[in-house]
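Student: Just a sequence and a predicted model for now, questions to come.
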Amino acid sequence: MQGSLASEMLMVGHSQAHAEHPDHRVFGILMFLVAEGCLFLGLFMAYLAYSLTAPIWPPEGTPERELLLPGINTVILLSSSFVIHKAGSAIKADDVKGLRLWFALTALMGAIFLAGQLYEYSNLEFGLTTNLFASTFYVLTGFHGLHVLAGLLFILAVLWRSFKPGHYSAQHHFGVEAAEIYWHFVDGVWVVLFILLYLL
Amino acid sequence: MTQLQDHPRLAVAPKVELELPAEPWWRFFTFSTDHKVIGIQYLVTTFFFYLVGGALATAVRAELATPEADFLGFERYNGAFTLHATIMIFLWIVPALTGGFGNYLVPLMIGARDMAFPKLNAVAFWLVPPSGILLLASLFIEAPAAGWTSYPPLSLISGKVGEELWILSILLAGTSSILAAVNFITTILKMRMPGMKMEDMPLFCWAMLAASVLTLIATPVLAGALILLSFDLLAGTAFFNPSGGGDPVVYQHMFWFYSHPAVYIMILPVFGMISEILPVHARKPIFAYKAIAYSSLAICFLGLIVWAHHMFTSGTPDWMRVFFMIATMAIAVPTGIKVFSWLATLWGGKIHFRSAMLFGLGFVSMFVIGGLSGIILASVPLDIHVHDTYFVVAHLHYVLFGGSVFGIYAGIYHWFPKMTGRMLNEFWGRVHFVLTFVGFNICFLPMHKLGLMGMPRRVAQYDPQFADLNWISSVGAFMLALSTLPFLVNAIYSWVAGPKAGDNPWQALTLEWTTSSPPPHHNFYGDPILLTGPYDYGLHSKETLDYFAAQLQTLRELALAEAEPTSS
């Protein structure tokens, strides 16, 4: 607990009114995603509590769910993680055109995922209040879908900004990095969700 | 003994020239991103909510002064105690400690110019007023009446509008604390001045780190529970409604997964402040720095795995009860480490009984009582006996009032000079302390006995055999209400016209005392310097300290001379 003493005192103070400090925003985003992760974890635990304590799960009379469409959706969303990673690599090489291309592709894949989910909703034979399983299904996938939508808007915003000359460069591209991290997170959550709701 | 103030050069130098001009008062009414402004905005806003919550508490005690429900009536009584608890927890203690003191002190203590994300900081603060407005609006529309725990199925049938207002208000306050926690963790881990290692940090920063980790992990789970509760309330799902196949116990688990750690979010920062205040006013180094620092992390970890001790009577299986009982009792170890370290710090110290110290010592004694009744409640057989009785009410008020609120007052008396540049009146501070301490014990001590006699909590009407003790308790509550007045008058008067405080009225050693009171916009004149460890009281010779003071003086003159052309 001893502080550094007199030798260090003589680093004469320079009054930097708006002192630059290293950019901690990526760390901040990660911390925020810890909180987001805990939110989903809480909901997953609630789901597990329901499914593990129920005598029959899903409750009797729950219509069968089709696996093909959500399966395709899963593949699309997971592949988009690789696509957005290409965008990150592109901007690190100062390739703004590459960034735009890969971000546009990611956005397209995200939109297809959302459209697929809406299509699935409209064809399901149960509604929000049919039974406990149905409620958890809609709330969990809907909540995740909102996050996909947020990520999609985030990506589109970064795409929009990338058309301002010099906005993103190999050195300065926090927006790109943040969108990428967030997108990976949304993907990761979907994997758990898919296993819980469709496979188990 | 440190005598930074008495150094001959400091005495000779004209004070005025060593400070930047004070910033205007109206900056407190702007969307400022300065952590000091935001800290004070938090403290003043939350103190307003404290007064509202206190008025509700007084109304509750007025109702309970007699066995009949003759003051508020049943309905309004339910609303009053629900709002009282919610306001005190979510709009007073949590935001005052983390948002108020955390914001004000952490950057100063670690030698940073501001928090890591100043704009995010402002966003976090400005979520608090809407949250409060929603909650207070419910008083005029329909008050939530299911208690601050809002257990379903009761909360599903006690009034939709009030309940949903309550949920939205908590969601806003929770979002605010999560954003603040992101900021604190980043600031404490990444923004320490060069040369300050983790173990050079003042203990308050360790405590804020632990509290922020808890906030970050636990608050989202409460948000999840409240979102599901909203669906049950408004969309007709049945997550927590047994009549639709749902399970109310799942809500209890999710709720307490946040709300038990919330107890530590409300006490860890106070532990930190007490670890700052005791050494300063006892003129002794803190005893066992590392033990206090790491016990905060231990409490943080253990605090996450004890939540079901609130649910011993909720059909919790035996193995779970035993696990949670043992884990809960284990928390007494890191907490005991802190208490004994404080006592050892005081032992043989040269204690100055100033108001800050009085509240600090009041905190230690009252918190120990709350801690001991906590151990009683942690044990399954005793808990089953006193669950939902006034014993629990007594316990939680010894922890949250005797603990957190005494700690907040100690912090206000200690840092008021730094925040405002002026001293609080010492005499009225002591009057405030005596009234608070006596009123508090008259109010809450009898509740232990009431609980053991079997008086249930959350009732407006009770058996006449409980009448005498309740009457005593209500007298104590009125005394507590009264005790706020000398403080309020003292604080407002001193802020405007109190005697000037100078940089370091307590001759303390942490970094915030090396700058002016109040500190300039970017906190320090030139780069901050670690002259001593934070608790080196009595460890340096007078010559060394004089040398430090002279250097500090020179550096400030240099920095001001450099700033001259722009600052005029």
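Tutor: Looks like it arrived, so ask away.

Student: contacting residues around residue A:187?
Tutor: A:77, A:78, A:80, A:81 (C-beta atoms under 8 Å, 6 or more residues apart in numbering or on different chains). Yep, even glycine has a C-beta here, placed from its N, CA and C like the rest.

Student: buried ones in the helix or strand containing it?
Tutor: For residue A:187, the element it lies in under DSSP states H and E is helix A:174-194. Within helix A:174-194, the residues scored as buried using 16 or more other C-beta atoms under 10 Å in any protein chain shown are A:175-187, A:189-190, A:193-194.

Student: swap in stretch A:142-157?
Tutor: So, applying 16+ other C-beta under 10 Å, buried residues of stretch A:142-157: A:143, A:144, A:145, A:147, A:148, A:151, A:152, A:154, A:155, A:156.

Student: and what of stretch B:73-91?
Tutor: Neighbour-count burial for stretch B:73-91 [16+ other C-beta under 10 Å]: B:76-91.

Student: got a list of contacts for that stretch?
Tutor: Here stretch B:73-91 has contacts from B:46, B:49-50, B:52-53, B:56-57, B:59-60, B:63, B:69, B:72, B:128, B:131-132, B:135, B:138-139, B:143-148, B:158, B:162, B:166, B:169-170, B:173-174, B:262, B:266, B:400, B:458, B:460-461, using C-beta under 8 Å, 6+ apart.

Student: Selecting buried members of those in ChimeraX, what would you type?
Tutor: Per 16+ other C-beta under 10 Å, the buried members of these correspond to this ChimeraX selection:
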select /B:46,49,50,52,53,56,57,59,60,63,69,72,128,131,132,135,138,139,143,144,145,146,147,148,158,162,166,169,170,173,174,262,266,400,458,460
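
Student: Mark which of the contacts of stretch B:73-91 are part of helices, please.
Tutor: B:46, B:49-50, B:52-53, B:56-57, B:59-60, B:63, B:128, B:131-132, B:135, B:138-139, B:162, B:166, B:169-170, B:173-174, B:262, B:266 (DSSP state H).

Student: Quick check: the spatially most central residue of chain A vs residue A:140, distance?
Tutor: Geometric centre of chain A, nearest residue: residue A:186, 2.5 Å, by C-alpha atoms, centre = their mean. Remark: distance between residue A:186 and residue A:140 (C-beta to C-beta, to the nearest Å) = 13 Å.

Student: how many other residues sit next to the nearest residue to residue B:343 once chain neighbours are set aside?
Tutor: Using C-beta to C-beta, 6 or more residues apart in numbering or on different chains and skipping residues adjacent in sequence, the residue nearest residue B:343 is residue B:364, 7.6 Å away. Residue B:364: 20 surrounding residues under other C-beta atoms under 10 Å in any protein chain shown.

Student: So residue B:364: helix, strand or coil?
Tutor: helix (DSSP: H, G, I helix; E, B strand; the rest coil).

Student: Which residues are in contact with it?
Tutor: With C-beta under 8 Å, 6+ apart, residue B:364 has these contacts: B:274, B:339, B:342, B:343.

Student: swap in residue A:197?
Tutor: Taking C-beta under 8 Å, 6+ apart as the test, what residue A:197 contacts is A:47, A:136, A:137, A:140, A:141.

Student: tell me, which of those residues make contact with chain B?
Tutor: residue A:136 (C-beta under 8 Å from any C-beta of the partner chain).

Student: hmm, which two among the contacts of residue A:197 are most spread apart?
Tutor: Greatest spatial distance among these (C-beta to C-beta): A:47 and A:141, at 11.3 Å.

Student: Counting neighbours, go ahead and name the busier of the two.
Tutor: Counting neighbours by other C-beta under 10 Å for residue A:47 and for residue A:141 shows that residue A:47 has the greater number, 23 against 20.
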